[in-house]
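*Asks:* Turn this into a structure:
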Amino acid sequence: MAKILIADDEEKMRHLLSLMLQRDGHEILQAGDGAAALERLRDEGADMLISDMKMPRMDGMSLLAAVREASLPVPVIFITAFATVDSAVDAMKAGAADYITKPFEEDRIRLTVRRAEQMAGMMKENRDLKRRLKKAEGGHPIIHRSKVMAELMALADRVAETDAAVLIAGESGTGKELLARYIHDHSARRGGRFVPVNCAAITPGLVEAELFGHEKGSFTGADRRKEGKFEYASGGTLFLDEIGDLPLEAQAKLLRALQEKKVQRVGGNEEIPVDVRVVCATNRQLTERVEEGEFRQDLYYRVNVFPLQPPPLRDRMADVRLLTEFFLKRAGVADAAVLTDSAVKALTAYDWPGNVRELANAVERAVILAGPGNSVTADTFSFLRTPGARCARCDLFTLPPGGLSLEEMENSLTRQALEAAGNNQTAAAKLLGLTRAKYRVLMKQAGI
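*Replies:* Residues are numbered from 1 along each chain as shown. Below you'll find the predicted structure:
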């Protein structure tokens, strides 16, 4: 028998379907909208999802897209009225397994569920096969031949054998999460989950609930108990990306969780033991955040047991050809010979401010521009010489005829940055690549 999640904003409809399916021995979960359904799928799992197409917060099509994006091996069956059958057919083209129409016919529902059970089995077999192949290939390979990357990977191999906390610091697009996954895949915890959390993407008031979980009724909208990421990752690795963006209050609770190896859900009293390795990443200078009082020093020492610094792509140009060939294959180009020497020369002459992520996007764009079967040449990458390339800022400033002192330029930039950032000093400092403390010095100098 299957575990089935029913998502519909009409309680009577959920109840009716539940009664029909429970008579056949199925376990039933319910959700009142698409967002709640996605959360239950991630937290509790299900063998299939039966969803209405029109719901608040997240409609059926958005829910289907989110399920596919999360690679959840769950067939999605849509509920629809006769008048909207065309929409259901469109949904099947987008990846839905089937649809059932209102009013319900019990025999039709049973048949649809049986088909979905078979599909769920095949989807799980396919997922497991992919996992086995990934393990056979060594998990998440990191493409490199440069000396600086070889040295980094040697350190990653060494720390993977331990349970030490790792802090990966580097520019955006340098592969910090990929490096964290590599460490997990080569550790004793490889059989457990790798759970990524983007600290910068969590609503500040919900950080603690996301990390440590919450009890039913602990805050508005907490209609049931939910385990946090620490519990979910127990036995595996928790990857905290952009840890420098955590609010101070959440930092204190994170420090306690790391020290005690226990968490307490929001609104709860029970201390729950967790066995988790924490790998953190940041593109900020955490030492400066500590000096500014925006990051706890004791937490910094706790997460920075073993620091790793993936280099920017401009410092590992020897890897550009290999990476480009890898991205070409990923884009469906089987023959690496389509990459000409002139193209490689053009790629290595560029600074790659967006690092490996920018290179991956550039290769995908170049494949589209070149067209099927055509060589990828220097001309194909001509878009890299448009604004955004390394010299795009060269003529950003025009020196007035009467000249300009350095102090006058600093004062002008200080005011422009503050205006561009909407009077947010932290954001203005970021625009100029400064710490907030240094930016305040410039503000004082400019009389702001």
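
*Asks:* going forward, measure contacts between C-alpha atoms and count neighbours the same way
*Replies:* Will do.

*Asks:* Name the nearest residue to Y300, ignoring sequence neighbours.
*Replies:* Nearest residue to Y300, sequence neighbours excluded (Cα to Cα, 6 or more residues apart in numbering): L286, at 7.5 Å.

*Asks:* May I have the predicted confidence score for the one you found?
*Replies:* Model confidence at L286, expressed as pLDDT, equals 94.

*Asks:* Okay, strands next: where are they in the stretch 101-250 of the chain?
*Replies:* Listed in chain order, the strands of the stretch 101-250 of the chain (DSSP state E, counting those that start in this stretch) span 166-169, 194-198, 213-214, 226-227, 237-241.

*Asks:* in its sheet, what does the fourth one sit against?
*Replies:* Which is strand 226-227. With DSSP bridges as the test, strand 226-227 is paired with strand 213-214 (antiparallel).

*Asks:* for the record, mean pLDDT for the partner strand?
*Replies:* Mean predicted confidence for strand 213-214 is 90.

*Asks:* With stretch 250-257 instead?
*Replies:* 94.

*Asks:* ok, now stretch 191-203?
*Replies:* Averaged over stretch 191-203, pLDDT sits at 91.

*Asks:* residues making contact with that stretch?
*Replies:* For stretch 191-203, the surrounding residues in contact (Cα atoms under 8 Å, 6 or more residues apart in numbering) are 181, 184, 207, 210, 229, 232-243, 245-246.

*Asks:* The same query, at a cut-off of 10 Å, please.
*Replies:* With contact meaning Cα atoms under 10 Å, 6 or more residues apart in numbering, stretch 191-203 is reached by 177, 180-181, 184-185, 207-208, 210-211, 229-230, 232-247, 276-282.

*Asks:* Produce a PyMOL select command limited to the buried residues of the residues you listed.
*Replies:* To isolate the buried members of these in PyMOL, using 16 or more other Cα atoms under 10 Å:
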select buried, resi 177+180+181+184+185+207+208+210+211+229+230+232+233+234+235+236+237+238+239+240+241+242+243+244+245+246+247+276+277+278+279+280+281+282
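
*Asks:* what's the domain layout of the chain?
*Replies:* The chain breaks down into these domains under automatic domain parsing: 3-134, 147-308, 313-385, 406-446.

*Asks:* Show me how far the shortest one is from its chain's centre.
*Replies:* Yep, that's domain 406-446 we're talking about. Computed by Cα atoms, centre = their mean, to the nearest Å, the chain-centroid distance of domain 406-446 equals 31 Å.

*Asks:* Between its first and last residues, how far does that domain reach?
*Replies:* 12 Å (Cα to Cα, to the nearest Å).

*Asks:* Do me a favour and average the pLDDT over it.
*Replies:* 81.

*Asks:* follow-up on the earlier one: just tell me which of the domains of the chain ends up closest to P141.
*Replies:* If you check each of those against P141 by Cα to Cα, domain 147-308 wins as the nearest, at 7.1 Å.

*Asks:* Now do the buried residues in stretch 248-257.
*Replies:* Judged by neighbour count (16+ other Cα under 10 Å), stretch 248-257 contains these buried residues: 250-251, 253-255, 257.

*Asks:* contact partners of that stretch?
*Replies:* Applying Cα under 10 Å, 6+ apart, the external contacts of stretch 248-257 come out as 204-209, 211-212, 230, 243-246, 259-264, 271-274, 293-296, 298-300, 302-303.

*Asks:* filter the residues you listed to the buried ones?
*Replies:* Neighbour-count burial (16+ other Cα under 10 Å) is assigned, among those, to 207-209, 211-212, 230, 243-246, 261-264, 274, 294-296, 299-300, 302-303.
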